[in-house]
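Trainee: The following block contains a protein sequence and its predicted model.
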Amino acid sequence: MPKFAEISFDTVIDRNHTDCEKFDQREQRFGRADVMPLWVADMDFAAPACVRKALAQRLEHPVFGYTFPADTLYEQLCGWFARRHQWALDPAQVMLAPGVVPSLFACVQALTQPGEGVLVPTPVYPPFLGAVQQTGRELIQSPLRETERGYTLDFEHLEREAANARMLLLCSPHNPVGRVWRADELKALIDLALRHRLVVVSDDIHCDLTYLGEKHLPLATLAPPELRLITALSPSKTFNIPALNLSALVVAHRGDSNAIQKYFQRQRVNPYNPFALVAFEAAYREGDAWLEALRAYLGANRQLVAEFQQVHPILRCHLPQASCLIWLDCRALSLSDPDLSAFFIEKARLGLNEGISFGMGGEGFMRLNIGTQKRVLELALAQLAASLKEF
């Protein structure tokens, strides 16, 4: 058995020629292969040693047949959320699923009917929009309200539109703006959902990646029993293992749980990959120290962006409270969205996500992934600074 020492986050790992979407699809995505890729929301860090060790141990057994989750997996999941988020999960409400994005599609299709409205605060992670638009439901976008201190939910707009909706999709913490929603905001959202009899699906996939001093509050810890709530959880972003495609849904109501399970059964979906299962359990059992080091490292990277912003105020951002993502306000450049994308690719040689793909409120923005080595981010910011000289 090889040794799996914890790595330094400063160690640059060559991801080229590994069939890596982020690196090996640059030419397909951006039209040239020499851009620095800071787009896909995975990180350039090795997974925790505990995860790699668990995978290696499982690999020693030569049979990779059908499997199922052990009771210890549920114990570690519940233990993680109890100690880190003060959420006493009921194991009977937990359903393993093949990733958060498939789960969003499953919830929309299992719990709403074609033509019914789904309310989505935007800008937001694009699969939220796709889960509605690609399944024949009516997408109702509710743009976040930008203030001097950051983004907030626009409750007046949500209230007006909720009468036409059956479901509300919440990103908590929010991708791409990085908000950690406060208790008063979540309570107001619960009240709104109860008044309008909305099913709420809360994607908490970034819940562990809060910055020091910030605290994620699961909506479920505030929700009364009558709220129809589904919470999506996964170790994928926390431990940089998204391609293992395993997540969990915490479903408050048995009827909703049955409906979602029937949807997955009709699709003949089996999420029980033996490698995903052991990685999931190991991460939640032993990953605390690694995560604390990661949070500090991302905090230092976030500070680099803050310092860049002070020197180059033509680009702005509200520093995120969670996630490795920066929602970069480029509106002062006065470029159309196609020209803005071309500027980052051709001038700055950077591959970012275009803000317009995140729905209403994304015009004039770009999403920057800082989940990379410090020296890589420093080089990216230097390239961006040089490209801004013409403005």
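Mentor: Received the coordinates, thanks. Residues are numbered from 1 along each chain as shown.
Trainee: Once you drop chain neighbours, what's closest to P225?
Mentor: A252 (7.3 Å; CB to CB, 6 or more residues apart in numbering). For glycine as for every other residue, the C-beta is placed from the backbone atoms N, C-alpha and C.
Trainee: residue boundaries of the strands in the stretch 51-200 of the chain?
Mentor: Remark: strands assigned in the stretch 51-200 of the chain by DSSP state E, counting those that start in this stretch are 94-97, 117-122, 138-143, 145-147, 150-152, 165-171, 199-203.
Trainee: Starting from the longest one, tell me which strands it pairs with and how they run.
Mentor: Each strand that strand 165-171 pairs with, and the sense of that pairing, follows from DSSP bridges: strand 117-122 (parallel), strand 199-203 (parallel).
Trainee: for the first one, the distance to its chain's centre please.
Mentor: For strand 117-122, the distance between its averaged C-alpha position and the chain's averaged C-alpha position is 17 Å (CA atoms, centre = their mean, to the nearest Å).
Trainee: Longest helix in this protein, please.
Mentor: Assignment by DSSP state H gives helix 288-311 as the longest helix of the chain.
Trainee: CA atoms of that one as PDB?
Mentor: Output in PDB follows, covering the C-alpha atoms of helix 288-311 (Å, rounded to 0.1, in the frame of the first residue of the first chain):
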ATOM      1  CA  ASP A 288     -12.100  17.700   8.900                       C
ATOM      2  CA  ALA A 289      -8.400  18.800   9.100                       C
ATOM      3  CA  TRP A 290      -7.900  18.800   5.400                       C
ATOM      4  CA  LEU A 291     -11.000  21.000   5.000                       C
ATOM      5  CA  GLU A 292      -9.800  23.500   7.600                       C
ATOM      6  CA  ALA A 293      -6.500  23.900   5.700                       C
ATOM      7  CA  LEU A 294      -8.400  24.300   2.400                       C
ATOM      8  CA  ARG A 295     -10.600  27.000   3.900                       C
ATOM      9  CA  ALA A 296      -7.600  29.000   5.000                       C
ATOM     10  CA  TYR A 297      -5.900  28.500   1.600                       C
ATOM     11  CA  LEU A 298      -9.000  29.700  -0.300                       C
ATOM     12  CA  GLY A 299      -9.200  32.600   2.100                       C
ATOM     13  CA  ALA A 300      -5.700  33.700   1.100                       C
ATOM     14  CA  ASN A 301      -6.600  33.400  -2.500                       C
ATOM     15  CA  ARG A 302      -9.700  35.500  -1.900                       C
ATOM     16  CA  GLN A 303      -7.500  38.100  -0.400                       C
ATOM     17  CA  LEU A 304      -5.400  38.300  -3.600                       C
ATOM     18  CA  VAL A 305      -8.600  39.100  -5.500                       C
ATOM     19  CA  ALA A 306      -9.500  41.800  -2.900                       C
ATOM     20  CA  GLU A 307      -6.100  43.400  -3.300                       C
ATOM     21  CA  PHE A 308      -6.300  43.200  -7.100                       C
ATOM     22  CA  GLN A 309      -9.700  44.900  -6.900                       C
ATOM     23  CA  GLN A 310      -8.200  47.800  -4.900                       C
ATOM     24  CA  VAL A 311      -5.600  48.500  -7.600                       C
END
